[in-house]
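Asker: Using only what follows, build the 3D model:
(one chain, ligands or ions: 1)
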Amino acid sequence: MSIADNIKMLKSETDSIKVSLLAVSKTKPVEDIMEAYNAGQRLFGENNVQDLVEKQEQLPKDIEWHVIGHLQTNKVKYIAPFVAMIESVDSIKLLQEINKHALKHNRVIDCLLQIYIADEDTKYGLGFDEAIELLRSDEFNALKNVRIRGLMGIATNTENVKQIKDEFNELHVFFGGIKQSFFRKEDSFDVLSMGMSADYKIAIEQGSNLVRLGSTIFGSRVTKHWKNN
Ligand SMILES: *Cc1c(COP(=O)(O)O)cnc(C)c1O
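Answerer: Sure, this is the predicted structure:
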C-alpha cells in the first residue's frame, strides 16, 4: 500500500472514534511527507530539531508540527516560532525555556508532559510523583506562555500484550487524576498521547486520543546500524 492509502485507511479508522493521528515522519524525506499531506494529513511529528526546521521551511505552512523526542533546552529557540505542540516535556527547566522563547514570539506553546511508564532503562520522562511535583511548583505556576494540554507515554517494547495494556491503563488513570486535581476548569487539558505502530490499537482501547504512527504510514525506517555502514 502507498503512503496515501495508509493515511486514508488510518484516518477513516481514527476519525470516526475521535482519535487524532500524528504522522511520525522522522528520517523520511519531504516527498513522503507531501504524499501524506496530499492525502489530507496535517499533523506531523519529528524528534530531531535540525530535521524539523529544514522540513518546516520547505513544506506547506498549515502543517502542525509536534516534537516527540527528547528536546535539549538549547534547541528550543529554533522551533519556538512555529511548533504546534511539544509532546516530550520532561523537566521544569525545559518548560521554563519553552516559556521564555514562546514569550519572545508572543505565543503560547502547547505541551504534553511525558510520563515514564515503561519497564525499561530510558532516561526520559517524568515519574508520576515528579509530574505532580512539577504541576504544584511555584516555578510552573509562574509560566504564562506554555499550556499543558495533557500527557504522553511510551509503553515497554515487548510482545507481552497484558503488560502494554497495564502500562497504558495506568497512564489513563493518572491522566484522570491530574485533570481532576490540576485542570478541572480547563477544557484544554484533553490530550492523552499513547500508542505507536506496534501498540496503537491497545492504546486506543485504553483511552488514547492521539496516536503517533511512523512505520505503519511510511514503511520501516533505516536503522542506525545501517546508517553507520
Ligand atoms: C519514532 C516514534 C514513534 C513512531 O514509531 P513507529 O513505531 O514507527 O510508529 C512514536 N512515538 C515516538 C516518541 C517516537 O520516537
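Asker: Point me to the helix or strand that includes residue 149.
Answerer: Using DSSP states H and E, the secondary-structure element containing residue 149 is strand 146-154.
Asker: Pretty sure residue 196 sits in a strand.
Answerer: No: the secondary structure assignment for residue 196 gives coil rather than a strand, going by DSSP: H, G, I helix; E, B strand; the rest coil.
Asker: what sits against the residue nearest to it when sequence neighbours are not counted?
Answerer: The shortest distance from residue 196 to any residue that is not its chain neighbour, by Cβ to Cβ, 6 or more residues apart in numbering, is 5.6 Å, and that residue is residue 212. Every C-beta, even on glycine, is put in place using the N, C-alpha and C of the backbone. Contact partners of residue 212, counting by Cβ atoms under 8 Å, 6 or more residues apart in numbering, are 22, 24, 45, 66, 68, 87, 193, 195-196, 200.
Asker: What about the ligand: which of those residues touch it?
Answerer: Counting by Cβ under 6 Å from any ligand atom, 24, 68, 196 from those sit close to the ligand.
Asker: export those to TSV and tack on pLDDT and neighbour count?
Answerer: Conversion of these to TSV gives the following (pLDDT from 0 to 100; neighbours: other Cβ atoms under 10 Å):
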residue	pLDDT	neighbour count
24	98	25
68	97	26
196	98	19
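Asker: between the residues you listed, which is closest to residue 17?
Answerer: Distance from residue 17 was checked for each of these by Cβ to Cβ. The minimum falls on residue 196, at 17.6 Å.
Asker: buried sites along the lengthiest helix in the chain?
Answerer: Counting by DSSP state H, the longest helix found in the chain is helix 161-182. For helix 161-182, the neighbour count (16 or more other Cβ atoms under 10 Å) marks 164-172, 174-175, 178-179, 182 as buried.
Asker: now do stretch 110-130
Answerer: Those would be 110-118, 125-126, 130, for stretch 110-130 by 16+ other Cβ under 10 Å.
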